[in-house]
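S.K.: how would this look folded up:
(one chain, ligands or ions: 1)
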Amino acid sequence: DHRTETLGTEMEVAGVPLQAATVDNWSQIQNFEAKPDDLLICTYPKSGTTWIQEIVDMIEQDGDEVRCQRSIIQHRHPFIEWARPPQPSGVDRANAMPSPRTLRTHLSTALLPTSFWENHCKFLYVARNAKDCMVSYYHFQRMNQVLPEPGTWEEYFETFVNGKVAWGSWFDHVTGWWDVRDRHQVLFLFYEDIKRNPKQEIRKVMQFMGKDLGEAVLDKIVRETSFEKMKENPMTNRSTVPKSLMDQSISSFMRKGTVGDWKNHFTVAQNERFEKIYREKMQGSSIRFCAEL
Ligand SMILES: *[C@@H]1O[C@H](CO)[C@@H](O)[C@H](O)[C@H]1NC(C)=O
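M.R.: Predicted coordinates:
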């Protein structure tokens, strides 16, 4: 496997697979100093991260899409656990950023640097139903040369349900963030709700951010952050990422952005098995997802 020899090395922190460079940088990440006015965008991978980042940035820029073109989305919101020496790490980028800062992470509540809790930061969490998330992550690992090869779909199914993917178990991630939502300033959103009623959900984000934009601006943000627009937007579609890191000839970074694509991948037997595993792992959680619109 050529990836393992080059970039695709993974190590674990508390049973959670992470990029080796992230683990090498772990003490810097854990000692990160959050500030009380930080807003942290939190997601499990493949759950609408770029989408919510663009929505937040459009709100911050009062709906001015030209100002949102100032840099690629990866550089607008530092990714705190990101590390690829000799480039500045996510922590370095965050430290260099003037406040108020919007940052992003895929870390679970268990691995999040404690200063975020101590400083009572705002957390914006987006959750996506597990089946679509699994499908999206599978295609992402096919094209992302930094992550391990996913193997066959059947193999990937096992890897995913066992939480042996980068950033760990989907089940632990969503339930962990769901459980802290009332104790901290968490706006907990669902990918499927944003898809179904983007204006309503974007309005919630705007209110959470303490902004007050008019209806016309909200309508514009809905338009500018549609999947079709973002797929053709070079500042969000990863077209500047070299092929050696993301090979979009294998699968696009902006692939489908729909709800229910799992039906094109799961066999009837896999779906039954998944439902059984899901019931066991999600037992005791009150979180409810919808997996079709
Ligand atoms: C990204 O957007 C640019 C500009 O619209 C477009 O030419 C390019 O094909 C898009 N890239 C991908 C991978 O979709």
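
S.K.: C-alpha from now on. contacts and neighbour counts both.
M.R.: Fine.

S.K.: which parts of stretch 240-250 are buried?
M.R.: M246, D247, Q248 (16 or more other CA atoms under 10 Å).

S.K.: Return the distance of the helix or strand containing E280 from the chain's centre.
M.R.: Using DSSP states H and E, E280 sits within helix 268-282. Taking the mean of its C-alpha atoms, helix 268-282 sits 23 Å from the chain's own mean (CA atoms, centre = their mean, to the nearest Å).

S.K.: which strands and helices sit next to that helix?
M.R.: Counting contacts by 3 or more CA pairs under 8 Å, 6 or more residues apart in numbering; DSSP states H and E, helix 268-282 is packed against helix 170-180.

S.K.: 6 Å - rerun?
M.R.: On a contact count with 3 or more CA pairs under 6 Å, 6 or more residues apart in numbering; DSSP states H and E, helix 268-282 meets no helix or strand.

S.K.: Renumber starting at 7 from here on
M.R.: OK, 7 is where the count begins now, so the last one is helix 274-288.

S.K.: Report the angle between it and helix 176-186.
M.R.: Per axes from the mean of the first three to the mean of the last three CA atoms, to 10 degrees, the angle that helix 274-288 makes with helix 176-186 is 40 degrees.

S.K.: Please list the residues of the stretch 157-299 of the chain that sit near the ligand.
M.R.: K237, E238, N239, P240, N243, S245, Q254, S258 (CA under 6 Å from any ligand atom).

S.K.: same question for the helix holding E286, mean pLDDT?
M.R.: The average pLDDT for helix 274-288 rounds to 98.

S.K.: again with stretch 212-219
M.R.: Mean predicted confidence for stretch 212-219 is 98.

S.K.: Quick check: E18 is in a strand.
M.R.: Yes - counting by DSSP: H, G, I helix; E, B strand; the rest coil, one finds E18 located in a strand.

S.K.: are any of the residues of the stretch 157-299 of the chain next to the ligand buried, and which?
M.R.: Listed as buried from those are K237, N239, N243, S245, Q254, S258; burial here means 16+ other CA under 10 Å.

S.K.: Output the helix holding E286 as PDB, nothing but the C-alphas.
M.R.: C-alpha atoms of helix 274-288 as PDB (Å, rounded to 0.1, in the frame of the first residue of the first chain):
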ATOM      1  CA  VAL A 274     -30.600  -5.200   2.000                       C
ATOM      2  CA  ALA A 275     -28.500  -7.500   4.200                       C
ATOM      3  CA  GLN A 276     -26.100  -4.600   5.100                       C
ATOM      4  CA  ASN A 277     -29.000  -2.400   6.000                       C
ATOM      5  CA  GLU A 278     -30.500  -4.900   8.300                       C
ATOM      6  CA  ARG A 279     -27.100  -5.500  10.000                       C
ATOM      7  CA  PHE A 280     -26.500  -1.800  10.200                       C
ATOM      8  CA  GLU A 281     -29.900  -1.200  11.800                       C
ATOM      9  CA  LYS A 282     -29.100  -3.800  14.500                       C
ATOM     10  CA  ILE A 283     -25.700  -2.300  15.200                       C
ATOM     11  CA  TYR A 284     -27.200   1.100  15.300                       C
ATOM     12  CA  ARG A 285     -29.800   0.200  17.900                       C
ATOM     13  CA  GLU A 286     -27.200  -1.300  20.100                       C
ATOM     14  CA  LYS A 287     -24.700   1.500  19.900                       C
ATOM     15  CA  MET A 288     -27.300   4.300  20.100                       C
END
